[in-house]
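A.B. asks: Got a sequence here, can you model it:
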Amino acid sequence: MKIKEVVAALERFAPLPLQDEYDNAGLQIGLTEAEVSGALLCLDVTEEVVREAVAEGCNLIVAHHPLLFRALKHITGQTQPERCAALAVKHDVAIYAAHTNLDNAFGGVNFEIARKLELCDVRFLRTQDGNSGSGIVGKLTAPENAEAFLRRVKEVFKVDSLQYNSLLERPIRTVAVCGGAGDFLLGEALSQGVDAFLTGEMHYHVFFGHEQDIQIGVLGHYQSEQYTMDLLGEILTQALPDLRCLKTKVNTNPISYM
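C.D. replies: Reported below is the predicted structural model:
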């Protein structure tokens, strides 16, 4: 099996044209004609992850966040992307990123978050063409009060420090979700009368003025998207049952909590 077959499977599920204009998803490093010895799945590519791939005999890393997001003008080891790129090339490890194309695909990152929360009747929050879009909205199987809902979110996503606005006094029935930095969709959730909005990052001032309009919950970027590795594994295992897939054991979250 060649790396190009793995790339094709990923892009059948999340075609590159679905990515946002600013993004740089797709093959980052490597040659697609090489035989694949194994795929290491991760959220972020770090030097430790590249070394793990080498140690595990994987010559392909499939990440959510692109290693090469901005252009490199030189590779001198001064930055993490430079060091990772040099290390990957040295060990013949290819790197592929499925980023906003996977966010925007039907069944993608936000659908995986909804599945972890056991939401039903899930649909796109903002639709692009019916088969892709930004964020999702779904229903809880039974109404929950705000505190119980947020505590469940905190437990499911292993959140050390959950940010939220004042507790909603009405029961939560509908939930909108956007993994990563998703506060650009808060207005959409408000306009659709959603009870709760969950995302990974939100600017300070966006919290103001919605005290009883909607329950906001901010999990942390890494925490909101950590299950993307499970999703990538399912996509590849279903399409290529003979492919050896491993999830990284490295916690790549650069943020610590005290």
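A.B. asks: Is residue 206 in contact with residue 187, as I believe?
C.D. replies: No - contact between residue 206 and residue 187 fails when scored by CB atoms under 8 Å: they sit 9.4 Å apart. Placement of C-beta: from N, CA and C, glycine included.
A.B. asks: of those two, who's got more company?
C.D. replies: residue 206 (16 against 11; other CB atoms under 10 Å).
A.B. asks: Nearest residue to that one in space, please, no chain neighbours.
C.D. replies: residue 183 (4.8 Å; CB to CB, 6 or more residues apart in numbering).
A.B. asks: show me what contacts the one you found?
C.D. replies: Neighbouring residues of residue 183 by CB atoms under 8 Å, 6 or more residues apart in numbering: 199, 201, 202, 203, 206.
A.B. asks: List the ones among the residues you listed that fall in strands.
C.D. replies: In strands, judged by DSSP state E, the following of the contacts of residue 183 are found: 199, 201.
A.B. asks: any idea which of the contacts of residue 183 has the most stuff around it?
C.D. replies: residue 199 (29 neighbours).
A.B. asks: Over to the residue nearest to residue 206: give its phi and psi.
C.D. replies: The phi/psi pair for residue 183 (degrees, to the nearest 10) reads phi -70, psi -10.
A.B. asks: With the one 3 residues further on instead?
C.D. replies: Dihedral pair for residue 186: phi -60, psi -40, per degrees, to the nearest 10.
A.B. asks: So it sits against residue 206, correct?
C.D. replies: Yes - judged on CB under 8 Å, residue 186 makes contact with residue 206 at a distance of 6.1 Å.
A.B. asks: Mind splitting this protein into its structural domains?
C.D. replies: 3-101, 106-224 (automatic domain parsing).
A.B. asks: which one of the ones you listed lies closest to residue 243?
C.D. replies: domain 3-101 (6.2 Å; CB to CB).
A.B. asks: Checking residue 51 next. Helix, strand or coil?
C.D. replies: helix (DSSP: H, G, I helix; E, B strand; the rest coil).
A.B. asks: neighbours of it, just the number please.
C.D. replies: Residues near residue 51, counting by other CB under 10 Å: 14.
A.B. asks: Could I get the contacting residues of the closest residue in space to it that isn't next to it in sequence?
C.D. replies: Spatial nearest neighbour of residue 51, excluding adjacent residues (CB to CB, 6+ apart): residue 87 at 7.3 Å. Contact partners of residue 87, counting by CB under 8 Å, 6+ apart, are 47, 50, 51, 93.
A.B. asks: where's residue 87 relative to residue 48, distance?
C.D. replies: 10 Å (CB to CB, to the nearest Å).
A.B. asks: Same check on residue 140?
C.D. replies: If you measure residue 140 against residue 48 using CB to CB, the figure is 38 Å.
A.B. asks: And the two? Which one has more around it.
C.D. replies: Per other CB under 10 Å, whichever of residue 140 and residue 48 has more neighbours is residue 140, with 19 against 15.
A.B. asks: quick one on the thing from earlier: so which of the domains of the chain is nearest residue 244?
C.D. replies: Distance to residue 244, taken as CB to CB, is lowest for domain 3-101 among the domains of the chain, at 4.0 Å.
A.B. asks: how long is that closest one from one end to the other?
C.D. replies: 19 Å (CA to CA, to the nearest Å).
A.B. asks: That one - what's its average pLDDT?
C.D. replies: For domain 3-101, the mean pLDDT works out to 97.
A.B. asks: Work out the gap between that domain and the centre of the chain.
C.D. replies: 15 Å (CA atoms, centre = their mean, to the nearest Å).
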